[in-house]
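J.: what would the 3D arrangement of this be:
(2 chains)
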Amino acid sequence: MIYRQAGFLTADYRTERRWVPHAVDRWALTAFLAFAALAVPVIGNDYLFGAILLPFLALSLAAIGLNILTGYAGQLSLGTTAFMAVGAYAAYNLNLRIPGLPLLASIVLAGIIAALFGILFGLPSLRLKGFYLAVSTLAAQFFVEWALNKIGWFSNNNSSGVITAPPMAILGIAVDSPARKYLLSLGIVAVLTLVAIRLTRSQTGRNWIAIRDREVAAASLGVPVFRVKLVAFAISSFYCGIAGVLWAFTYLGTVEPDGFNLSRSFEVLFIIILGGLGSIRGCFLGAAVMVVFPLLLSRFANAFFATALDPGIQEDIENILFGSLIVLFLVKQPLGLVRLWDQFKRRLETWPLSE
Amino acid sequence: MPPVPLLELDGIDLSFGGVRAIANVSFTVEKAAICAVIGPNGAGKSSLINVISGLYRPARGVIRFDGKSYARLTPAMASRIGVARTFQNIALFKAMTVLDNIIMGRAGKARAGAVEDALGLPRSRRDEQVNREKAEEIIEFLDLEAIRHVAAGTLPYGVQKRVELGRALIAQPRLLLLDEPMAGMTFSEKREMCRFILDANATLGATVILIEHDIGVVMDLSQHIVVLDYGEKIGDGTPDEIRSNRRVIEAYLGAETPQAA
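T.: Residues are numbered from 1 along each chain as shown, chains lettered A, B, ... in the order given. Take a look at the predicted model:
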């Protein structure tokens, strides 16, 4: 068996700490990434990019951001899209007001601005925990929506606060077609995913898990609890901010403040619950389900009911099914899809023995 | 001049609401000693450990650690000056592996920050390497090799207690606080844990303060016993002195021959 456990003994710490321990998996992952970067831009069509891959990548990144804060550090947040909105509007303004600023620089700066904003709204975590902290992050959500609607400067005095993505270019190459936008998103998400994996496997990541599992014990081991929480807020918001830029610039193109409302925050929260709290892979699995599920459902509805089904009712059914799915996962598999995947792999490793 | 004791508590007072948990308690622990704190339930033993490890702030009193006085001690400070502890109701990080739990004992010694960790800069890598080597020493010391990659929350109770001891030991503490390290253990698990405590004391040079209810274990392990009752110190001395202390017998031991308990 290619997966047999006994074949994977390690002789040094470096091999042992590999992110993907099995050689077969490493090949599969490399092949998959090469396919995504080289083949997909050629064979994909506008529908695949516009309706599936671009929202998938942006939501995955936002989910990584929220998962760092909620899944790893245990600080429940309902303000995810507030940080996304800050990122999107910051990038828009940076582009508008600083002529000649390179696209990638404006994206990184937007992330940093979102991070500072995240630190500000992370301050209550000094005193508040769990549900109460979640409510205080709601403040971020409502504050940002209000500010973007009321203060015209943020949207360059657009009457309804709408921003439109500027023409984008990297090193003189215009990022104008859906395929190129997809490549930009893919590149950013890939790099930030690597960074997130590094973080979660380092002392920073262990500190996050420690304050989630046992804050008192962490404190008495010398973990600077409050600073660790603020770092989690900052990095989480950095990720969400850049996800917001991708959402606005590569996926939607034009976005209004209401595009970053509370229900989107819940959507990201559902992604990490479905995918797996405290797992980076889970963010991608959850986001894939979140994006593909409604599309499959509407295909299904079209195929069976043709036009007999009112679009409104179809959306209701979609919500009901999705809600049931969340409840089912919370009850049956609180660790999410990633846990199911790992169990399946364990079966392959130990086969033909039971566990 | 006599050597400076490692720990001196001077007139420690601690209240919760109106309840006085610790009342004017003073005692001294010599360097390299094993000191037991005993007493009936609710006597203030765990509160005392929490004061020494900085989790509770005493209303009055001074803690002197290696000659330096501290009126208020935070958990971070306590960890920095070399105090490490275990908890009465095991406080491991359940989702982490045994290895990561033990490495967490060095959290206060990390030199790399989040940015260095994110980018995998040299200092972060070096931290990881040193952490791993130190953890492996502890894993060998406590016989945890077979389970180093197992999630701590899934382990049996006695083993979790051992992992928690490892997490405290990896920091190379000068003072090791053990809150009921043998509660709920079988006889052979207790004997094993006693051996680890004696070894930590003898070979790693840690001064030990432990809370324990098994009087046999207490008498065998410690050179020095402090007895608390209703937050007050009612006995302080060698095992022999405690055994013949009338107040202690009345309040806690309850019999003329304590070994029978």
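J.: what are the buried residues along the helix or strand containing A:Ile320?
T.: Assessed by DSSP states H and E, A:Ile320 sits inside helix A:311-332. By neighbour count on 16 or more other Cβ atoms under 10 Å in any protein chain shown, the buried set for helix A:311-332 is A:314, A:322, A:329. Every C-beta, even on glycine, is put in place using the N, C-alpha and C of the backbone.
J.: kindly report the same for stretch B:37-52.
T.: Buried-residue list, stretch B:37-52, by 16+ other Cβ under 10 Å: B:37-39, B:43-52.
J.: with distance to B:Asn131, secondary structure and pLDDT added, can I get those in JSON lines?
T.: JSON lines is the format used below for these (distance: Cβ to Cβ, whole Å; DSSP: H, G, I helix; E, B strand; the rest coil; pLDDT from 0 to 100):
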{"residue": "B:Val37", "distance to B:Asn131": "32", "secondary structure": "strand", "pLDDT": "95"}
{"residue": "B:Ile38", "distance to B:Asn131": "36", "secondary structure": "strand", "pLDDT": "93"}
{"residue": "B:Gly39", "distance to B:Asn131": "38", "secondary structure": "coil", "pLDDT": "91"}
{"residue": "B:Ala43", "distance to B:Asn131": "38", "secondary structure": "coil", "pLDDT": "90"}
{"residue": "B:Gly44", "distance to B:Asn131": "36", "secondary structure": "coil", "pLDDT": "92"}
{"residue": "B:Lys45", "distance to B:Asn131": "32", "secondary structure": "helix", "pLDDT": "94"}
{"residue": "B:Ser46", "distance to B:Asn131": "30", "secondary structure": "helix", "pLDDT": "94"}
{"residue": "B:Ser47", "distance to B:Asn131": "32", "secondary structure": "helix", "pLDDT": "94"}
{"residue": "B:Leu48", "distance to B:Asn131": "31", "secondary structure": "helix", "pLDDT": "95"}
{"residue": "B:Ile49", "distance to B:Asn131": "26", "secondary structure": "helix", "pLDDT": "95"}
{"residue": "B:Asn50", "distance to B:Asn131": "27", "secondary structure": "helix", "pLDDT": "95"}
{"residue": "B:Val51", "distance to B:Asn131": "30", "secondary structure": "helix", "pLDDT": "95"}
{"residue": "B:Ile52", "distance to B:Asn131": "26", "secondary structure": "helix", "pLDDT": "95"}
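J.: present these as CSV; the columns should include distance to chain A.
T.: Below are those laid out as CSV (distance: Cβ to the nearest Cβ, whole Å):
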residue, distance to chain A
B:Val37, 18
B:Ile38, 23
B:Gly39, 22
B:Ala43, 21
B:Gly44, 18
B:Lys45, 17
B:Ser46, 12
B:Ser47, 14
B:Leu48, 15
B:Ile49, 10
B:Asn50, 9
B:Val51, 12
B:Ile52, 11
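J.: now, which of those sits nearest A:Tyr92?
T.: B:Asn50 (51.6 Å; Cβ to Cβ).
J.: which residues touch the residue of the stretch 101-250 of chain A found nearest chain B?
T.: Minimum separation of the stretch 101-250 of chain A from chain B (Cβ to the nearest Cβ) falls at A:Gly222, amounting to 2.3 Å. Neighbouring residues of A:Gly222 by Cβ atoms under 8 Å, 6 or more residues apart in numbering or on different chains: B:75-76, B:79-80, B:107-109, B:171.
J.: if you set the cut-off to 6 Å instead, what comes out?
T.: Contacts for A:Gly222 (Cβ atoms under 6 Å, 6 or more residues apart in numbering or on different chains) come out as B:76, B:79, B:107-108.
J.: again, but for B:Thr207
T.: B:6, B:31-33, B:175.
J.: which phi and psi does the spatially closest residue to A:Thr250 that is not a sequence neighbour have?
T.: Excluding the flanking residues, the one nearest A:Thr250 by Cβ to Cβ, 6 or more residues apart in numbering or on different chains is A:Lys181, at 4.1 Å. When quoted as degrees, to the nearest 10, the phi and psi of A:Lys181 stand at phi -60, psi -40.
J.: many thanks, have a good one.
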